[in-house]
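Engineer: here is my input, please return the structure:
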Amino acid sequence: MFGLSELAIILLVVIAVIAVKKGPELARTAGKSARILKAEARAARNGGTEPQVIQGEVLRPGTTGGAEQEPGAR
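Structural biologist: All right, here's what the predicted structure looks like:
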């Protein structure tokens, strides 16, 4: 059947194919996470004890985020 070296080569090829598909997405996510961590560290260093308010929508449980309106809601 296959030896250890052949299985290792097949595994490397499979990992390479997956990395080509998911690589940019993973890199983008890692970059966003690094920026958030850096900003939080900077805020902690500067004595940012007061939380920041982030504007957004208030959603009721079970809603889809405002993309769809409920029937009869106007």
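
Engineer: contact partners for residue 38?
Structural biologist: By C-beta atoms under 8 Å, 6 or more residues apart in numbering, residue 38 lies in contact with nothing. C-beta here means a position set from N, CA and C on the backbone, and glycine is covered the same way.

Engineer: what's the pLDDT at it?
Structural biologist: Residue 38 carries a pLDDT value of 90.

Engineer: can you tell me the element the spatially most central residue of the chain falls in?
Structural biologist: Residue closest to the average C-alpha location in the chain (C-alpha atoms, centre = their mean): residue 29, at 4.6 Å. Per DSSP states H and E, residue 29 falls inside helix 4-45.

Engineer: so how far is that helix from its chain's centroid?
Structural biologist: Here helix 4-45 is found 11 Å from its chain centre; the criterion is C-alpha atoms, centre = their mean, to the nearest Å.

Engineer: pLDDT weak spots in this protein?
Structural biologist: Scanning the chain for pLDDT under 70 picks out the ranges 48-54, 58-59, 63-74.

Engineer: at 50 what do you get?
Structural biologist: 74 (pLDDT under 50).

Engineer: count of residues packed around residue 43?
Structural biologist: Residues near residue 43, counting by other C-beta atoms under 10 Å, number 14.

Engineer: quick revisit: from residue 36, how far off is the residue nearest to the centre of the chain?
Structural biologist: Separation of residue 29 from residue 36 (C-beta to C-beta, to the nearest Å) stands at 11 Å.

Engineer: please apply the same query to residue 44.
Structural biologist: 13 Å.

Engineer: now residue 3
Structural biologist: Residue 3 is 46 Å from residue 36, by C-beta to C-beta.

Engineer: also residue 28?
Structural biologist: 13 Å.

Engineer: contact partners for residue 28?
Structural biologist: Residue 28 neighbours (C-beta under 8 Å, 6+ apart): none.
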